[in-house]
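Novice: Predicted model and sequence below, questions to follow.
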Amino acid sequence: MTLYILLIIVPALIGLWAQMKVSSTYNKYAKVGSRSGISGREAAEYVLKKFGIHDVEIVPIRGKLTDHYDPRNKRLALSEHNYHGNSLAALGVAAHEAGHAIQHAVGYKALNLRMALIPITTLSSQMLPFVIIGGLFFQITGLIYLGIAVYMVLTLFQLVTLPVEFDASNRAKAELAGLGIITQNEAVGVTKTLDAAAWTYVAAFIASLGNLIYLLMIARR
């Protein structure tokens, strides 16, 4: 039971805390308008243009914090609030996604590796419910080993994701300040927003690693 709490319950609680932190931090700085008054879409455009990137489409999408960069279609999707909004949170998120587009343009190795892992990671995620039901609750040995393989893939994917996300955030903070889109005082809000979001990726890695170690220890019994 102690092992289960340390490897499964604690990481789950960290993940819940991370989600609450990013939500509260984003909500706070989504209410703080930037002095420049430019929108998230404009901020992303300025960052991309600085690097000579003109073939990435910037589009609005529904939902909250649904922002992402699609390297296959070269599409930078921003949730409507971040697309139209001029808050510090909107600028930070928009510039972060632009950071991913820059990574793609310059051939950032960690991003390329993450893209290569997507097919097998998607398959592993689809198999996960069967692994959990059969391997953890019914102790079916074969599914435990399958679960180990699945979590090895997921853990690797989460590990590779960390430098990709941290690098995109660092690029975002540097470019927003370098282009004069935010002031030094406003940089604090942008940094807190992006740092809170980064915790969700750290939490996901910890949770995946905890599950992997737990399954490995079960298999050795």
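Specialist: All right, it came through fine. Residues are numbered from 1 along each chain as shown.

Novice: Contacts only, for Gly15.
Specialist: If you count contacts by CB atoms under 8 Å, 6 or more residues apart in numbering, Gly15 has them with 200, 203-204, 206-207. For the C-beta atoms, the positions are set from N, CA and C on the backbone; glycine is no exception.

Novice: switch to 6 Å and redo it
Specialist: Residues in contact with Gly15 (CB atoms under 6 Å, 6 or more residues apart in numbering) are 203, 207.

Novice: any idea of the pLDDT on it?
Specialist: For Gly15, the model assigns a pLDDT of 94.

Novice: sec struct for it, please.
Specialist: Following DSSP: H, G, I helix; E, B strand; the rest coil, the label given to Gly15 is helix.

Novice: What of the one 3 residues further on?
Specialist: Under the three-state scheme (three-state DSSP), Ala18 adopts helix.

Novice: And the helices in the chain?
Specialist: 2-4, 10-29, 40-50, 80-84, 88-106, 109-131, 141-178, 186-219 (DSSP state H).

Novice: Out of the ones you listed, which is closest to Arg72?
Specialist: helix 109-131 (8.1 Å; CB to CB).

Novice: mean confidence score for that closest one?
Specialist: Mean pLDDT, computed over helix 109-131, is 93.

Novice: Pick the most buried one from the helices of the chain.
Specialist: Comparing the helices of the chain by mean neighbour count (mean count of other CB atoms under 10 Å), helix 88-106 comes out on top with a mean of 26.

Novice: And that one, what does it pack against?
Specialist: The contact analysis (3 or more CB pairs under 6 Å, 6 or more residues apart in numbering; DSSP states H and E) places helix 88-106 against helix 10-29, helix 40-50, strand 68-70, strand 75-79, helix 80-84, helix 141-178, helix 186-219.

Novice: picking that back up, can I get the helices of the chain in CSV including distance to Val59?
Specialist: Supplementary listing: the helices of the chain in CSV, determined by distance: least, CB to CB, whole Å:
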stretch, distance to Val59
helix 2-4, 44
helix 10-29, 20
helix 40-50, 9
helix 80-84, 8
helix 88-106, 11
helix 109-131, 20
helix 141-178, 18
helix 186-219, 20
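
Novice: Mind checking those helices for the one nearest to Pro60?
Specialist: The nearest among the helices of the chain, by CB to CB, is helix 80-84 at 4.0 Å.

Novice: who's in contact with that closest one?
Specialist: Contact with helix 80-84 is made by 39-41, 60, 67, 90, 93-94, as judged by CB under 6 Å, 6+ apart.

Novice: If we only consider the residues you listed, which is nearest to Asn112?
Specialist: Asp67 (21.1 Å).

Novice: hmm, who's touching stretch 43-53?
Specialist: By CB under 6 Å, 6+ apart, the residues outside stretch 43-53 that reach it are 56, 58, 76, 91, 94-95, 98, 102, 105, 175, 179, 181.

Novice: For the protein, which element, helix or strand, carries the lowest mean pLDDT?
Specialist: Every helix and strand of the chain was ranked by mean pLDDT, DSSP states H and E. The lowest is helix 2-4, at a mean of 77.

Novice: Outside of it itself, which residues are in contact with it?
Specialist: Taking contacts as CB under 6 Å, 6+ apart, no residue outside helix 2-4 touches it.

Novice: One more pass at 10 Å, please.
Specialist: Contacts with helix 2-4, where a contact means CB atoms under 10 Å, 6 or more residues apart in numbering, come from 10, 136, 210, 213-214, 217-218.
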